[in-house]
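One predicted model, sequence on top.
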Amino acid sequence: MLFPCIKLLVISIFTASVFPPFALLTKPESSAPMLPSFAFSWYYNNDKFAAGDVVSIKVKVLGRFDSSKFKHPFDPNITINNRVGNSSYISGVSSFFDDDFNTWRISFIPIMAGSFNVLITDENFNVLDSSLHFHVIPGKMYPGAGIVSWMGGVNEFVAGDIATILILPRDAFGNNISSEAEKTNFDDFSVSSTTLNGSVVSTLNIKDKGWTNFGYLRFEFVVATSGNLLLQVQVQNQSLIGVPMPFRVIPGALDVANCSVSWHSETKSFQLFSMMEGFIHQHDQYGNLVPGIYEFDVEVVEKGTNLSMPVSDLVFEEVSHGIQLFTFSLMEPGNFTLLILDKQQNILISNVPYDFNVYIGYCHGINSVVNGSGLNNSVAGEVASFAVFLRDAYQYPSPVELERLQVKIWHEMTLQQLQATVSPQKAVNGTYHDGIFLTSTPPPIVHAKNKSNENAGFRTSAFEVTFVPEKSGIHEITIFCGNIALNDGHPFRMESRAGKVNLSLSGIANITQKVAKLTKNELLVHLMDSHYNPIMAQQSKLKLEMASLNRSGFRTTMFVDNNDGSYSCSYLAKDVGTFEICASFDGKHFMPCPIGVNVYTREYFPQVFNDTVTVWEDESTAFDALENDYFAGGNATVLEYSAPHYGSLLQYGRLFRYTPYKGFYGNDSFLYTISDLNGNHASGLVNIAILSVPPQLSLFPSQLQGTEDLVSPRYGGFSGFELAYSDLTENITVILNAKHGTVFLSPLIMQFWQSPGCELIVSRENQDSGELSIHGCLEVINSALQAIQYSGTENFYGEDSIEISTMNRNGMNNVKVPIFVDPINDPPFVSAPPFIFLQDSGDDQVLIYDRKRDKFDFVVGDPDLLNYPGNRSHFLVMFSLEVSSGYISTSLPVDLISTTELKFKTSYQWQPLVTFVTISKHFLVKAKGIRFRGTIDECNSIMEQLMYSGDKHGDVLTVKVNDMGSYGCYPNCDQMTSMPLFAEATINLIRRQPMSSLLAHTLGSAVVVEFIALLFLGVVLVYFTCRCAVVLMREKRKNEIQNIELTQVGTSDKQAHNLLDSSEGLSWITAPFNDCCSTRFFSGRGQALSPGSHSPTRTRESSEQNMQRPSLQLQQLSSDDEFVVSASSEDATA
């Protein structure tokens, strides 16, 4: 009995391993076809591969599978390390699903070394398989992918030191290669040094090489050449990553035996009373110039006697780095030997003793004359000459021996030195100018490079110099008389032109014997003289001719000078066939002639079009560069291709696989050449755009902590966020968002943080969404991420996440960081009006609240319940209802029996429920107060059923809610309790029927009208009161003025009679009345009081004088405009 059970268990385990549980199907509906099952395995059961190998997964179909019965084809996805399809782990993912199920497979190329799991999924067929694993080892070493560096970072040496470089070898996909995985041929590596401008200094000899314990290739070599140099490291003609590497070599110690002396002129003849000038080159043992002034000893010994000559004015001076100039005067003629040495070490420098001769002469470098046609221009291959006339300081001829005159001629570009012949100049009659024979020997002819002391007795001041230039271009000529430089030491510049065209050395440089019809083809002709000098400006003498009889289908153009000795022209064939052409110069044909040219249609030749490929910086891509090219027969092969600069390139037949080097983004390219069936070649260019991967969070916390209704963290920001991106200068964007809260940056950190030069832009485009956008370069973004703070929405607690979206110009990445918000205990609330009008239904009991009837809220609640993660029935509160007089009653569910308490009029204490009757799982209670422990929903349901019975005038209802200290975070915080929080509301219950709305509006309107009327009457009363006051004030002022006038009338009679007798006084008397009395009284005829009087109007000064004179009263007697003036004084009356 036990054995069948074990057998059944084994079969079950085997079935579960072959058929994943996710791939098993439940019993399908009768209308849908039954889904098949699939099994996956490695071909040949091999799960170990090398990077770059083509790997295949065998797909086996279990059961019947008819693709026509399914809406979607079987197209599974392959996932490695949570990345679907092509990634930095695998590339070239492809599937092969044809009619033969036995050949079904999924292929890919692993590109990263390591061990990986494979996840195969297909949602349409319920496939989820993770049973496959594989291991990848690095591939073969790719020369250009290795990384070179200085050992220990040391790149400054002293000449003679041993320098060490380390090379980290990698395969084409950037995987490090160890010594066990690769048999390295060290002879393929070459190390050389160049100057900063690129000229090669030396090829360094590698002394030691091998592997280090850390997987690096080690090369040791001796640095000998001093200066600021660049190190070049190549393997198989490909430069490694990191080269050229700058390094500096300091000269070593001075080596006296290796020092040398040079002269301004290569001569051993010095003119008497001239200065001997020499340059001592201070070298170390490797020939590097050593800076500074080293104290050498200089001795001059006379030949024959071996006596040391005194040198009194010897001067040393450093003229350049490691070179010092010494000078002293030559005061005695004769033959001497110069010694330069270090007496302490008794070591001579390398090229001494130096023998020299001091002769008696008076040649002047500026007064001497040099002229002739050969001094300015010449023709290559032809003899050129110029004359030299030596003069002294007084313009007299200064004859010297022939061997004293030295002539140097060298090419400016190639520095090739010409051999010049110096001879005495002959006069017209065949004699020599200024010739002085010290012996009977005839004058010699001396070559500049082959001087002889024979026949030294002949002296002259006129010389002829002949030479034959071979190279065209600029030559420099210097002339010395002994050690005296002519032309004040400045060289003469002579231009040499090319000679005649040499047809045997000239001819057609490029000729293509297969050309396309109706295509312009270029022909290049080079013209050379006998010394291989390019000849220019001869295009008019060149001609391209047809040697065939049929010339109608052939067209040529004129030759164009390329200014480098080459001439180009083009020809075009209109018909298919064979043509013969010849090129000629000045009527003479170049050989070979004729040249056969075969003309084909354009379809005969391949046509290559440039390609553009894009790839992510951390991935690899494969492409067919020949896919868009044309070639005859549909078959072509890649002959060669160049190596790209910033990535590896592998060839798989017609496919190229390009993998950018790690850390590089931008543009790269390479050239390739193809050959078709006819042997025709064509070249094309592939442009590769390496896209930078969107910024990624390299570091971020796995869990964040927050607090409900508080900013988290309280001080600063969350730590642990760091962004990685290739381009340190590009501006990128980071968007922060939280589903149940708001993300912002700590203002305290941002206030004291200074930007290092890159601008930081922080914005919140949509206030409703809460997305925070940060824009800037990588450094400022990472600094801003350290100031992230979180604040949840009101009363939110529990699980939330901060979504961080990083973007660049190529794409976006998303990462969600979870955050748990700890709850805090929020107080409950009671939402109720201050009074409720009870509807009188005629019964003793009245329903307090009716949701359909009443427009207000009468509910209780707790903010902690909004985000309660558990069942709402577990969130309990203590709820109580109590009236001051009367009773309340309601129906409670039986679940509340154990927690229900009542308060009666006869007692002020809460008493537990003792007796009850249940009907339909509810029981009815009636008391002055009711209290129980239940859910918020139960409390609100009971409030809607609450009945009141009692005093007809009304009552006061008190509602209390106690949360019992619960946080509301079930079940994670059962132990988290705080002090109980409660809410209380007092509601006035009013039984009297309130006034109707119409009556209330009417009374209100009447009150408003009454108020407006009283206000209007008050304004009218105030207006008339003010007006009466103004009138009374005017009357009072008028009476005061009259009283003042009457008191001033009592004056003497004499003054009154004087006033009546004079007409002037009459006019003066009328003035005050004109000012004080009504204008109507003095209008009309009353103004003609006295024809001879002045105007009745007076000034203010006269008015003031009038107040001092007697006041008179005027009375109108009749209509004849006559007035009687009476004085108020007693004398005037008498």
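On my side now, so go ahead.

where does the residue nearest to C777 when sequence neighbours are not counted fall, helix, sheet strand or coil?
In this structure, C777 finds its nearest non-sequential neighbour in C758, 3.9 Å apart by C-beta to C-beta, 6 or more residues apart in numbering. For every residue, glycine as well, the C-beta is placed using N, CA and C. Under DSSP: H, G, I helix; E, B strand; the rest coil, C758 falls in the coil class.

Test of understanding: give the bridge partners of the spatially closest residue to Y641 that is not a sequence neighbour.
The shortest distance from Y641 to any non-neighbouring residue, by C-beta to C-beta, 6+ apart, is to Y672 (4.0 Å). Beta-bridge pairing for Y672 (DSSP bridges): Y641, G684.

Show me where the chain has its helices.
Using DSSP state H, the helices of the chain run over 2-18, 747-752, 778-785, 936-944, 997-1047, 1053-1061, 1063-1076, 1100-1106, 1130-1133.

starting at the chain centroid, how far to stretch 603-610?
40 Å (C-alpha atoms, centre = their mean, to the nearest Å).

measure the residue nearest to the spatial centre of the chain to L778 for me?
With distances taken as C-alpha atoms, centre = their mean, E730 lies nearest the centre of the chain, 1.5 Å away. According to C-beta to C-beta, to the nearest Å, E730 stands 8 Å off from L778.

just checking, the residue nearest to the centre of the chain touches C777?
Yes: if you go by C-beta atoms under 8 Å, E730 and C777 touch, sitting 6.7 Å apart.

residues near the residue nearest to D161 when sequence neighbours are not counted, how many?
Ranked by C-beta to C-beta, 6+ apart and with sequence neighbours excluded, the top spatial neighbour of D161 is V223, at 5.8 Å. Counted by other C-beta atoms under 10 Å, the residues lying close to V223 total 23.

Now do the contacts for V223.
Neighbour list for V223: 157, 159-163, 193, 204, 247, 249 [criterion: C-beta atoms under 8 Å, 6 or more residues apart in numbering].

go on, L486?
Neighbouring residues of L486 by C-beta under 8 Å, 6+ apart: 365, 368, 370, 388, 479-480.

which of those are buried?
Neighbour counting with 16 or more other C-beta atoms under 10 Å marks 365, 368, 370, 388, 479-480 as buried within the contacts of L486.

ok, back up a step: let me have the contacts of V223 in TSV, extended by distance to V84 and neighbour count.
Below are those laid out as TSV (distance: C-beta to C-beta, whole Å; neighbours: other C-beta atoms under 10 Å):
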residue	distance to V84	neighbour count
F157	52	18
A159	58	21
G160	58	16
D161	54	16
I162	52	11
A163	48	22
S193	49	23
L204	49	22
F247	47	19
V249	53	24
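
so which of those comes closest to T557?
Closest approach between the contacts of V223 and T557, by C-beta to C-beta: S193, at 48.8 Å.

Which residues does stretch 694-707 contact?
712, 718-725, 732, 734, 741, 778, 781, 790, 792, 800, 802, 804, 806-808, 810-813, 815, 817-822, 824.

mind redoing it with 6 Å?
By C-beta atoms under 6 Å, 6 or more residues apart in numbering, the surrounding residues in contact with stretch 694-707 are 712, 718, 720-725, 732, 790, 806, 808, 811-813, 815, 817-819, 821-822.

so of those residues, which ones are in strands?
In strands, judged by DSSP state E, the following of these are found: 722-724, 732, 790, 806, 812-813, 815, 817-819, 821-822.

what's the closest of the residues you listed to N288?
A724 (45.2 Å).

Need the pLDDT of that closest one.
Looking at A724, its pLDDT is 92.

how about the nearest residue to it, chain neighbours excluded?
Excluding its sequence neighbours, the residue lying closest to A724 (C-beta to C-beta, 6+ apart) is S698, at 3.9 Å.

what about the one you found, how many neighbours?
11.

Relative to I788, how far out is it?
Counting by C-beta to C-beta, the gap from S698 to I788 is 16 Å.

any chance you could map the strands in the stretch 501-650 of the chain?
507-510, 514-516, 521-526, 542-546, 554-556, 560-561, 566-573, 577-585, 588-589, 595-600, 611-616, 621-624, 636-641, 647-652 (DSSP state E, counting those that start in this stretch).
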